[in-house]
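Enquirer: please find the sequence and the predicted model below.
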Amino acid sequence: MSTSGECLSKKARCLASGKGTRRDKARLIEGLRLKHTLSDLLSIAKLARSSFYYHRASLSSQDKYAELKQRIRDIYHQHKGRYGYRRITQTLKNEGLIHNHKLIARLMGQLKLTARIRRQRYRSYKGACGVIAKNRVKRKFRAGAPNRRWLTDITEFKVGDDKLYLSPILDCFNNEIISYELSKRPVYDLVKQMLDRALKGIPTKRTEQLTLHSDQGWHYQMKAFANTLKENNIKQSMSRKGNCLDNALMESFFGSLKCETIYIKKPKTIEDLEKQIHEYMHYYNHERIQLKLKGLSPVEYRTQSLVQT
């Protein structure tokens, strides 16, 4: 084979330029061997024969993580991009596939798979317009049993010029959303109906050790709200003024909800948004694992704890 530029194919001229790694050169040489002799190609590339065979073997060998990568893709897309490397590592562990989280993070980087994080917050504080309860929770968000410590708040969604408000109650025992209400206006009934639905789920005698914590939003300062809690022997607790960290667990839930719904698939109408939220609430309670819950979903964790007791 002639070494002149006129006799070389485009790939061969690229090989002769000396650019690229030895691995890259081995890949080019393998593709040119049908037209040119190996000795000429090695001479042009200034690559040792042993080096060529080494890199060719490496190129032809199957990716040892091929199956793992495919399972990572499956889990990622199954959860619509909501899982980062930690939850994917835990999901694999639940399936009996034990891998270091650093490996999963590296493979996800290669696959260009990342979880999205973004947060917004609706503020319902309008000053002191009723009774302000003391902060009984004091950022102690853990509970030893269900229905001991509840958190609540309101968040706002926007679709074009329309708005939708969500009011949920979260149980600190297993981070389960035990009740929620949606409304196109942040009226008091939004909170009232949410609370009534939550109370229907537990016997009155089981509320004696229960505390409901919120911010100082006007809904929670209403006399009707405080009376309902008192009638059910529920202690009321409120965050300090303007301190969202006092209700950080609830804020964290809102962040997860938004980045795992509307930031993945933007709804076109309020009706689409309502459907997304209803679907997510079921997914969050029954399917979405949490590392703090030993890799279980909230409902799985509660069910397991009841069986153990």
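Expert: Nice, I can see it. Computed from a predicted structure; not experimentally measured. Numbers count the residues shown, from 1 in each chain.
Enquirer: confidence score at Glu279?
Expert: pLDDT, Glu279: 97.
Enquirer: how many residues are close by it?
Expert: Other residues within reach of Glu279, judged by other C-beta atoms under 10 Å, total 11. For the C-beta atoms, the positions are set from N, CA and C on the backbone; glycine is no exception.
Enquirer: helix/strand/coil for it?
Expert: helix (DSSP: H, G, I helix; E, B strand; the rest coil).
Enquirer: how close does it get to Tyr301?
Expert: Glu279 is 21 Å from Tyr301, where distance means C-beta to C-beta, to the nearest Å.
Enquirer: what does Lys69 give?
Expert: For Lys69, the distance to Tyr301 - C-beta to C-beta - is 29 Å.
Enquirer: more neighbours, these two?
Expert: Legend: neighbour count by other C-beta under 10 Å for Lys69 and Tyr301, higher for Tyr301 (20 against 16).
Enquirer: buried stuff in the helix or strand harbouring the more buried one?
Expert: Assessed by DSSP states H and E, Tyr301 sits inside helix 298-308. Using 16 or more other C-beta atoms under 10 Å as the test for burial, helix 298-308 gives Pro298, Glu300, Tyr301, Arg302, Ser305.
Enquirer: low pLDDT regions in the stretch 201-309 of the chain?
Expert: Where the stretch 201-309 of the chain drops to pLDDT under 70, the residues are 203-207, 309.
Enquirer: Val299 reaches Ile177, doesn't it?
Expert: No: in this structure Val299 lies outside contact range of Ile177 using C-beta atoms under 8 Å: 10.2 Å.
Enquirer: overlap in contacts of those two?
Expert: Asn285 (C-beta atoms under 8 Å, 6 or more residues apart in numbering).
Enquirer: if I read this right, Ile234 contacts Thr211, doesn't it?
Expert: Yes: using C-beta under 8 Å, Ile234 is in contact with Thr211, at 7.0 Å.
Enquirer: more neighbours: which of the two?
Expert: Ranked by neighbour count (other C-beta under 10 Å), Ile234 and Thr211 place Ile234 first, with 22 against 19.
Enquirer: any idea how far that one is from Thr152?
Expert: Using C-beta to C-beta, we find Ile234 at a distance of 11 Å from Thr152.
Enquirer: who touches both of those two?
Expert: Leu212.
Enquirer: what's the following helix or strand after the host helix or strand of Ile169?
Expert: According to DSSP H and E, Ile169 maps onto strand 162-171. Using DSSP H and E, the helix or strand that follows strand 162-171 in sequence is strand 176-183.
Enquirer: give the pairing partners of that following strand; include direction for each.
Expert: strand 162-171 (antiparallel) (DSSP bridges).
Enquirer: list the buried ones in the strand it pairs with?
Expert: Lys163, Leu164, Tyr165, Leu166, Ser167, Pro168, Ile169, Leu170, Asp171.
Enquirer: between the strand holding Ile169 and helix 298-308, how many degrees?
Expert: 20 degrees (axes from the mean of the first three to the mean of the last three C-alpha atoms, to 10 degrees).
Enquirer: CA atoms only for strand 162-171, dumped as PDB, please.
Expert: What follows is strand 162-171, C-alpha atoms only, in PDB (Å, rounded to 0.1, in the frame of the first residue of the first chain):
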ATOM      1  CA  ASP A 162     -55.200  29.400  36.200                       C
ATOM      2  CA  LYS A 163     -54.200  28.300  39.700                       C
ATOM      3  CA  LEU A 164     -54.700  25.200  41.800                       C
ATOM      4  CA  TYR A 165     -54.100  24.800  45.500                       C
ATOM      5  CA  LEU A 166     -53.100  21.600  47.300                       C
ATOM      6  CA  SER A 167     -53.600  21.000  51.000                       C
ATOM      7  CA  PRO A 168     -52.200  17.700  52.300                       C
ATOM      8  CA  ILE A 169     -51.500  16.100  55.700                       C
ATOM      9  CA  LEU A 170     -48.300  14.200  56.100                       C
ATOM     10  CA  ASP A 171     -47.700  11.600  58.900                       C
END
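Enquirer: average model confidence for it?
Expert: Strand 162-171 comes out at a mean pLDDT of 96.
Enquirer: and it, how far out from the chain's middle?
Expert: Between the centre of strand 162-171 and the centre of its chain there are 19 Å (C-alpha atoms, centre = their mean, to the nearest Å).
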